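> What shape does this take:
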Amino acid sequence: MPWFPIIAEEIAAAESTLGVAFPPRYKALLGDRRVQRILAHPVLGALQPDASMASFVALTEECRRNLPGFPVDGVVATDTKGRYLRFWLPDPKRAGVLGEMLYSWDTLEHKRTRDCTSEASITSMIGIVQGADPDFLAALDYAPPRAVATKPLIELRSCDAALMTLLGARGGRATIATTAAADTWLPCAPFEVKGRYLTLCDLGELPERSSGWSLQVEPGRFRVEVQVRLSARGEWPVVAAVRVVREGSGALSARRVAAVDVDHASLAIHDRQTFLKRVPPDRREAFALELLEVRERPALVVTGGGAQLLVIPSGEGDGSYPVYELRSGDHIAGFEVRFTEAS
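Numbering: from 1, shown residues only. Below is the predicted model:
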């Protein structure tokens, strides 16, 4: 996967043609000839000896013209013939400069997702060379990357034990358990809302400030409940619906109000204001990437700052699913998402 090279004598022309400056940290890293040699190491081949910045500028312009939906201000960072390519977007806080965050573009689905920062990607590749050929870095007098201990970004708390046991059942046990629980709302986890917006979005959309659908509610304690059904193959239980309901609510009525698109087989339910307040901007990208690595789902996630977030698997996986506003009398009680209905 060849990377966009940084060649001193070509930088000005490339930035002038694109109308934007390259990410400062990326430019500084690849301006170091030792890093260039490391990335050109045979174990990586990330920098080709005949690569030019002009060829990547041309590739960027081609993608802007020919890839449906590709951002008109995106700048391609990798030259790949596969399904995915990496790219940068302008930094919203610095006019005329690309941000350090790398995005991945799905050329089949025409969608983007976050990948990682430029520096994290380069550091990772340097680590690969260090592991495969430690003498190479030593000969260049280049210190290998060192892991820096940081406070954990997330803490995982178990959801209801009986529900997790049910979702872990397989074969005949799954059929019996799921049949017994049919049409029943099962407890999943308690949920506290400290702000005024209960937000629902695809797991990969965090931590965008404007991402997802939100329901304006009063702060308070809510309960998360799910219904289950057998998977399409009939071998294990899956979540058929999820609802978040204020504690103490009476009889509920439902009204369809929106749809949510799922692209990572799971949804993130969170208190948006508290999340934005408790997760610092400089840690949100790292938080989002770590969240994608949560394997046990459903899972109640607590951030380092104390904000809660619930990861819920979306039935059989990706799709567009209807969202229903729940009311108890004249009061908004919460919302429900039904994975058995295609939107």
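> Could you use CA atoms for every contact and neighbour count after this?
Will do.
> Got the phi and psi for the residue located most distally from the centre of the chain?
The C-alpha centroid of the chain is most remote from residue 139, which lies 38.1 Å away (CA atoms, centre = their mean). In terms of degrees, to the nearest 10, the main-chain angles of residue 139 are phi -70, psi -30.
> what residues are up against it?
Contact analysis of residue 139 by CA atoms under 8 Å, 6 or more residues apart in numbering lists nothing.
> Just give the number of residues close to the residue nearest to residue 217 when sequence neighbours are not counted.
Spatial nearest neighbour of residue 217, excluding adjacent residues (CA to CA, 6 or more residues apart in numbering): residue 196 at 5.1 Å. Residue 196 sits with 17 neighbouring residues when counted by other CA atoms under 10 Å.
> pretty sure residue 196 is touching residue 220, no?
No - contact criterion CA atoms under 8 Å: residue 196 and residue 220 do not qualify, at 9.3 Å.
> contact partners of the lowest-mean-pLDDT helix or strand in the chain?
Counting by mean pLDDT, DSSP states H and E, the weakest-scoring helix or strand in the chain turns out to be helix 281-292, with a mean of 77. Residues from elsewhere that reach helix 281-292, judged by CA under 8 Å, 6+ apart: 114, 115, 116, 153, 154, 203, 204, 206, 207.
> Export those to a markdown table and append columns for pLDDT.
Below are the contacts of helix 281-292 laid out as a markdown table (pLDDT from 0 to 100):
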| residue | pLDDT |
| --- | --- |
| 114 | 81 |
| 115 | 81 |
| 116 | 81 |
| 153 | 76 |
| 154 | 82 |
| 203 | 88 |
| 204 | 84 |
| 206 | 77 |
| 207 | 67 |
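> Closest to the centroid, which residue in the chain?
residue 204 (2.8 Å).
> if I pick it, what's in contact with it?
113, 114, 263, 264, 288, 292 are the contacts of residue 204 under CA under 8 Å, 6+ apart.
> Which element, helix or strand, includes the first one?
It refers to residue 113. According to DSSP states H and E, residue 113 maps onto strand 111-117.
> Adjacent strands (with direction) for that strand?
strand 101-106 (antiparallel) (DSSP bridges).
> how much does the strand it pairs with deviate in direction from helix 281-292?
For strand 101-106 against helix 281-292, the angle by axes from the mean of the first three to the mean of the last three CA atoms, to 10 degrees is 40 degrees.
> in stretch 118-133, what counts as buried?
Of the residues in stretch 118-133, 118, 119, 122, 123, 125, 126, 127, 128, 129, 130 count as buried by neighbour count, 16 or more other CA atoms under 10 Å.
> so for it, what's the average pLDDT?
Averaging pLDDT along stretch 118-133 gives 90.
> okay, it in PDB with CA atoms only?
In PDB, the C-alpha atoms belonging to stretch 118-133 read as follows (Å, rounded to 0.1, in the frame of the first residue of the first chain):
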ATOM      1  CA  SER A 118      -1.100  10.000  10.400                       C
ATOM      2  CA  GLU A 119       1.500   9.800  13.300                       C
ATOM      3  CA  ALA A 120      -0.100   6.700  14.700                       C
ATOM      4  CA  SER A 121       0.000   4.900  11.400                       C
ATOM      5  CA  ILE A 122       3.600   5.900  10.700                       C
ATOM      6  CA  THR A 123       4.600   4.900  14.200                       C
ATOM      7  CA  SER A 124       2.900   1.500  13.800                       C
ATOM      8  CA  MET A 125       4.800   0.800  10.600                       C
ATOM      9  CA  ILE A 126       8.100   1.800  12.100                       C
ATOM     10  CA  GLY A 127       7.300  -0.600  14.900                       C
ATOM     11  CA  ILE A 128       6.800  -3.400  12.300                       C
ATOM     12  CA  VAL A 129      10.300  -2.800  10.900                       C
ATOM     13  CA  GLN A 130      11.800  -2.700  14.300                       C
ATOM     14  CA  GLY A 131      10.300  -6.100  15.100                       C
ATOM     15  CA  ALA A 132      11.400  -7.600  11.800                       C
ATOM     16  CA  ASP A 133      14.800  -6.000  11.400                       C
END
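> ok, residue 271 - how many residues close by?
Around residue 271 there are 25 residues (other CA under 10 Å).
> what's the answer for residue 229, then?
23.
> What of residue 191?
Residue 191 has 22 neighbouring residues, counting by other CA under 10 Å.
> which residue packs closest to it, ignoring adjacent ones?
Residue 191 sits nearest to residue 222 (CA to CA, 6+ apart), 5.0 Å away.
> mind saving the C-alpha coords of the helix or strand containing the one you found as CSV?
Using DSSP H and E, residue 222 maps to strand 220-230. Taking Å, rounded to 0.1, in the frame of the first residue of the first chain, the C-alpha atoms of strand 220-230 are listed here in CSV:
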residue,chain,number,x,y,z
GLY,A,220,-32.7,11.1,35.0
ARG,A,221,-32.3,7.4,35.3
PHE,A,222,-33.3,5.1,32.4
ARG,A,223,-33.3,1.4,31.8
VAL,A,224,-32.2,-0.3,28.6
GLU,A,225,-34.1,-3.4,27.6
VAL,A,226,-33.9,-5.8,24.6
GLN,A,227,-36.0,-8.4,22.9
VAL,A,228,-34.3,-11.4,21.3
ARG,A,229,-34.9,-13.8,18.5
LEU,A,230,-33.0,-16.6,16.8
